[in-house]
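> Build the 3D model from these lines:
(one chain, ligands or ions: 1)
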Amino acid sequence: MSDPRRLPRHVGIIMDGNGRWAQLRGRDRIEGHREGARSVRDVTRAARQLGLEALTLYAFSAQNWARPVEEVTGLMQLLCDYLHDERPELMDNQIRLEAIGDVERLPPHVRAPLDALRADTAHHTGMTLTLALSYGGRESIARAVRSIAADVAAGKLAPADIDADRVSSYLPTSRLPPLDLLVRTSGEQRISNFMLWELAYAELAFVDCMWPDFRRQQLYAVLDQYAARERRFGLTSHQLTERAELSADDSDVELHLDR
Ligand code: FPP
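Below is the predicted model:
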């Protein structure tokens, strides 16, 4: 692995290609999702071991409800199994489980273990694992706008105080570190309504393998790619070098003071 100082704080993943993985092998789509759930386990474990602060996985989009009913039912059952089976892993490793999206739409056999595990891991300080469930980026922004409008109408917020940071604070991701890296598997190069606001300055990585084949080795490779990138946040390369030199000088001063 590359320099740990260049590890992203927050990685988001669009886990794509489960269906194609299964079809390529002449198997049912749900078997691709089942194998994909194994990738979820391996990647989460590796992310925790590496020291990532946050991992956000796009597990079910707001639009996925329109898939064939047997696929939706199969996915809900996989989620339910996952929430039961992974409880010890999350408890033993200080992983905090979160969910973003319209979780009220989830069936009770998913919602109940989800709520229970969120409550039981709420105090964990290790890594935050967020499942995007019945999630859409646009829907999430619309919900934030609705809350902002309600607060303005109630006199709690002045329109002049609405800036980008204020909008971020109304999003369900407000407690997470900024999204540093967005990964999409399966070779498709699109965002599909995932974390539209949050990815403003995220690095994007499109990986050719299907999600069921994406395991910790593939995660390490994508993190190496990230570590080699220059993130400029709208500045020039020259400004970034100057800033790095200044902060190196600052740490020299601290070292002198320490002595
Ligand atoms: C996209 O692949 C993937 C999904 C819609 C579901 C992702 C679900 C899992 C990885 C398993 C369950 C989740 C957890 C957290 C245990 P696709 O079906 O669109 O693939 P395709 O583009 O090849 O058809």
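
> What segments of this protein are helices?
18-24, 29-50, 69-85, 87-92, 108-120, 137-153, 164-169, 216-227, 237-258 (DSSP state H).

> Make CSV out of those helices and add mean neighbour count, mean pLDDT and distance to the ligand.
Glycine gets a C-beta too; all of them are placed from N, C-alpha and C. Compiled in CSV, these are given as follows (neighbours: other C-beta atoms under 10 Å; pLDDT from 0 to 100; distance: least, C-beta to the nearest ligand atom, whole Å):
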stretch, mean neighbour count, mean pLDDT, distance to the ligand
helix 18-24, 19, 98, 3
helix 29-50, 19, 98, 3
helix 69-85, 16, 98, 4
helix 87-92, 14, 98, 12
helix 108-120, 16, 98, 10
helix 137-153, 15, 98, 15
helix 164-169, 12, 98, 25
helix 216-227, 17, 97, 14
helix 237-258, 10, 66, 36
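
> So which of these is nearest G126?
helix 29-50 (6.2 Å; C-beta to C-beta).

> Determine the set of other helices and strands touching that closest one.
Other elements packing on helix 29-50 under the criterion 3 or more C-beta pairs under 8 Å, 6 or more residues apart in numbering; DSSP states H and E are helix 18-24, strand 54-61, helix 69-85, helix 87-92, strand 127-135, helix 216-227.

> Now tabulate those in JSON lines and tack on distance to R41.
Formatted as JSON lines, these follow (distance: least, C-beta to C-beta, whole Å):
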{"stretch": "helix 18-24", "distance to R41": "14"}
{"stretch": "strand 54-61", "distance to R41": "11"}
{"stretch": "helix 69-85", "distance to R41": "8"}
{"stretch": "helix 87-92", "distance to R41": "8"}
{"stretch": "strand 127-135", "distance to R41": "11"}
{"stretch": "helix 216-227", "distance to R41": "10"}
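
> List the contacts of V72.
N64, W65 (C-beta atoms under 8 Å, 6 or more residues apart in numbering).

> now it: how far from I148?
Using C-beta to C-beta, to the nearest Å, V72 is found at 32 Å from I148.

> before we move on, back to that, out of the helices of the chain, nearest to L182?
helix 216-227 (10.3 Å).
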